[in-house]
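In: Got a sequence here, can you model it:
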Amino acid sequence: MALGYSIIDRGAFGDLNVRVVDITLDNSYAAGGWALDARSLGFGLNGVIYGVIPFSDGTGRFVSWDRSANKLMVRDASGAANAATPEITTLTQMNGVVIRALVLGKGHG
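Out: Numbering: from 1, shown residues only. Sure thing, here's the model as predicted:
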């Protein structure tokens, strides 16, 4: 199954385009996270994603945007005190979990 995208709202922030998107996750999480599709996020065929601000998914996990790899990552809250939270394993089932995110980019779709 592939990630699902539902654009909730569109707008602009200076010269950037803004999308509020519900992203439905699947169970194919690979180490390093999910690559997001700029076209499906509403930025067009040659769109560029500059940033993703995910909101809580209600599962107790932390969702973050790795801007160096351009991937949506999920971390498990079970890490030790004063240690970085570990990335979830590929065996973790995230199928059907919906993440709402504010996405900044360029391009029109």
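
In: Below-threshold pLDDT in this protein: ranges please.
Out: Along the chain, segments meeting pLDDT under 70 span 1, 79, 109.

In: Dihedrals phi and psi, the residue lying farthest from the centre of the chain?
Out: In the chain, counting by Cα atoms, centre = their mean, residue 81 sits farthest out from the average C-alpha position, at 25.8 Å. The phi and psi values for residue 81, taken as degrees, to the nearest 10, are phi -60, psi 140.

In: Ok, residue 99 next?
Out: phi -110, psi 130.

In: For residue 69, which non-adjacent residue is closest in space?
Out: Spatial nearest neighbour of residue 69, chain neighbours left out: residue 32 (5.8 Å); criterion: Cβ to Cβ, 6 or more residues apart in numbering. All C-beta spots, glycine's among them, are computed from the backbone N, C-alpha and C.

In: Let me know the secondary structure of the one you found.
Out: coil (DSSP: H, G, I helix; E, B strand; the rest coil).

In: what number of residues lie near it?
Out: Residue neighbour count, defined by other Cβ atoms under 10 Å, stands at 11 for residue 32.

In: For it, give me its contacts.
Out: 66, 69, 71, 73, 87 (Cβ atoms under 8 Å, 6 or more residues apart in numbering).

In: Fine by me, thanks again.
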